[in-house]
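[1] Sequence unavailable; structure follows:
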């Protein structure tokens with residue numbers, strides 16, 4: 001039986017703000033026109049990696065749901 005070559009892309013998955021939001025319920029109560037969502041996520045070992053992200057553009061967490069995040073390890 002032949003071994004399948006290692007492919008690092010097999011371990012890559014895209015996560016969005018919507019995917020991680022249930023883990024951090026307190027974020028739903030914050031005003032992101034006043035504070036940076038990315039700064040808050042960094043405290044939780046995540047960062048926004050979408051190039052379209054701009055700090056303080058939207059007020060609610062739901063408005064950021066489509067932005068991609070990456071876990072800081």
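    Received the coordinates, thanks. This is a predicted model, so every value here is computed, not measured. Residues are numbered from 1 along each chain as shown.
[2] Let me know the distance separating residue 62 from residue 2.
    Distance, residue 62 to residue 2, by Cβ to Cβ, to the nearest Å: 47 Å. The C-beta positions use only the backbone N, C-alpha and C, and glycine is treated the same way.
[3] longest single helix anywhere in the protein?
    In the chain, assigned by DSSP state H, the helix with the most residues is helix 37-43.
[4] Please state the offset of that helix from the chain centre?
    Relative to the chain's own centre, helix 37-43 is displaced by 9 Å; criterion: Cα atoms, centre = their mean, to the nearest Å.
[5] So which elements touch that helix?
    The helices and strands touching helix 37-43, judged by 3 or more Cβ pairs under 8 Å, 6 or more residues apart in numbering; DSSP states H and E, are helix 17-20, strand 46-48.
[6] In the chain, mark out all the strands, start to finish.
    15-16, 46-48, 68-71 (DSSP state E).
[7] Just say which of the ones you listed is most tucked in.
    Comparing those by mean neighbour count (mean count of other Cβ atoms under 10 Å), strand 46-48 comes out on top with a mean of 19.
[8] Which strands or helices does that strand pack on?
    helix 37-43, strand 68-71.
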